[in-house]
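Asker: with the sequence up front, the predicted model follows.
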Amino acid sequence: MASYSEPDTQLRREALQRLPHKNLWGVPAGDMDQRRLVHELQVHQIELEIQNEELTQTLTEVNALRAKYLDLYDFAPVGYFTLDTQGNIVELNLRAAKLLNQERSRLVGRPLREFFDPQTLPRIDAFLTTAEYSNDEIFAEALQSLRSKTMLLPMYMNAQARAFVDPQCGQKRIQLVLMDVTALKIATDDVARVITHTA
């Protein structure tokens with residue numbers, strides 16, 4: 001892309017190639033200055049048109065990447081959350097809303113801890129605090145969420161989190177990934193019970 005802080009010789013060359021060539025020999029001196037001024041204005045206009053074409057192409061590419069990112073984000077097989085440092089939900093994908101069994105629009109601004117079993121809350125609080133002050137990704141296993149009326153068994157989730165500074169607002173945020181591991185937890189517990197019973 002062209003640099004706008006100093007004259008771009010490549011841009012000027014391209015503009016001159018697009019401008020129809022006119023022979024200025026034999027033009028009276030007074031007319032020559034006016035024609036040169038008109039010529040320079042025409043070159044500058046073509047340079048602006050070229051820059052506009054480049055910006056339009058860049059904008060099209062950015063919009064395509066944004067649409068691709070949103071599609072990947074929303075339809076990922078895991079729940080993605082962005083939390084503030086108090087543990088309130090700032091942003092989430094569709095899978096995250098499904099894990100919490102709520103509409104996405106009703107979840108923004110609510111504390112994530114509302115959706116976990118009271119016995120799990122100390123682990124959730126410690127996990128998010130550690131994530132906020134750690135420079136690395138951190139993990140937690142088998143966090144028990146609250147059961148909804150339609151669920152017969154509790155739901156367990158593995159969590160992965162890391163802190164970052166949001167470039168839009170300049171505030172620290174926590175990126176959180178939740179994965180439903182209920183089936184794995186139940187199977188592991190059943191195996192452990194069988195082993196304990198047979199021993």
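Answerer: Thanks, I have the structure now.
Asker: quickly find the element holding the most centrally placed residue in the chain.
Answerer: Centroid-nearest residue in the chain: Y69, 7.1 Å away (criterion: CA atoms, centre = their mean). If you go by DSSP states H and E, Y69 is part of helix 29-74.
Asker: what about the helix or strand following that helix, average pLDDT?
Answerer: Later in the chain than helix 29-74, the nearest helix or strand by DSSP H and E is strand 79-83. Strand 79-83 comes out with an average pLDDT of 96.
Asker: which helices and strands does strand 79-83 pack with?
Answerer: Applying 3 or more CB pairs under 8 Å, 6 or more residues apart in numbering; DSSP states H and E, one finds that strand 79-83 contacts strand 89-92, helix 94-99, strand 172-180. Heads up, the C-betas are built off the backbone N, CA and C, glycines and all.
Asker: ok now the shortest one, how far from the chain's centre?
Answerer: Counting by CA atoms, centre = their mean, to the nearest Å, strand 89-92 is centred 12 Å from the centre of its parent chain.
Asker: about what we covered before: tell me what angle the helix holding Y69 forms with strand 79-83.
Answerer: Interaxial angle of helix 29-74 relative to strand 79-83 (axes from the mean of the first three to the mean of the last three CA atoms, to 10 degrees): 120 degrees.
Asker: which elements pack onto helix 29-74?
Answerer: When contacts are defined as 3+ CB pairs under 8 Å, 6+ apart, helix 29-74 packs onto helix 9-18.
Asker: residues making contact with the helix it packs on?
Answerer: A2, V43, H44, I46, E47, I50, Q51 (CB atoms under 8 Å, 6 or more residues apart in numbering).
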